[in-house]
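Q: For reference, the sequence and a predicted model appear below.
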Amino acid sequence: LPRAQVDPDLAALREEVLGLRRLQEAIHFLGSAPDPFALRAEILDLACSLSGLPRGSLALPTSSAGGSKKQKFKIKESRGLDKIKGSTEAKVLRGILNRALERREPFLEGAIREGGILDHAESHARRLELGAVACLPLEANGEIHGAIILDDPQRSEPFTPAEESLLRSFVRHAALALERVRSTGQRKRKLAKLSQKNERLEAERERLEEQARQSQRRSGLTK
């Protein structure tokens, strides 16, 4: 790629191409994750790397209790958020995450305090240590598999169309990877159950055959 000199359009194009290269590498990693635990760590690490946003969380579905049809989600991975745990900033981020999951809508705000949603809030809200926030549901084939939220308190500039496109493309592939791993896990569990059932049937067959042989021997002795 030519080195950008003066032309801002050329610089933007160069950055977009570099982003697509990084996305291609990220897709390769997503496809090679061996299990759900490795995959969820890869997803969040790659999301932070691609976006340049240092903090983030990954919410994934949990098994619903009491027969509830409403899907519940829990934070399974996080990066750089330990220092703000329990703070007002953390609550605001969690609220954005919940909204994205409920409405299946992405939220991309590069300057949340300057022209963003906090700019219209009360004065104490505008003083929150939040800058750029990107929250995107992980949706594949009409099903929500979780959501990612990323942020950088130091950033205060809008996301470019190339950045938004890169993040949207990444979460599509991440959702497909989660769906693949989940489907693979379901097939493995089903095969394990069938194998156990087959073993039980085989043991029962052997038991019945042994009973039949013993019955024949007793019948022969009586004669």
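A: That came in fine, so what should we check first? Numbers count the residues shown, from 1 in each chain.
Q: can you give me the helices for this protein?
A: Assigned helices in the chain, in chain order: 8-32, 36-51, 88-103, 123-126, 161-222 (criterion: DSSP state H).
Q: which of these is buried the deepest?
A: Highest mean neighbour count of these: helix 36-51, a mean of 19 (counted as mean count of other C-beta atoms under 10 Å). C-betas here are computed from N, CA, C, even on glycine.
Q: thinking again about what came up before, of the helices of the chain, give the one that comes closest to Ala147.
A: Distance to Ala147, taken as C-beta to C-beta, is lowest for helix 88-103 among these, at 5.2 Å.
Q: ok, residues contacting that closest one?
A: Contacting residues not belonging to helix 88-103 are listed as 57, 59, 73, 81, 84, 105-107, 118, 128-130, 133, 135-137, 144, 146-147, 149, 151, 153 [C-beta atoms under 8 Å, 6 or more residues apart in numbering].
Q: Narrow the residues you listed to just the buried residues.
A: With burial judged by 16 or more other C-beta atoms under 10 Å, the buried subset of those is 57, 59, 73, 81, 84, 106-107, 118, 128, 130, 133, 135-137, 144, 146-147, 149, 151, 153.
Q: Take these and keep only those in strands.
A: 57, 59, 73, 107, 133, 135-137, 144, 146-147, 149, 151 (DSSP state E).
Q: what mean pLDDT would you report for stretch 59-72?
A: In this model, stretch 59-72 carries a mean pLDDT of 71.
Q: give me phi/psi at Thr160?
A: phi -80, psi 160 (degrees, to the nearest 10).
Q: Can you tell me how far it is from Ala38?
A: Thr160 sits 31 Å away from Ala38 when distances are taken as C-beta to C-beta, to the nearest Å.
Q: No further queries at this time; thank you.
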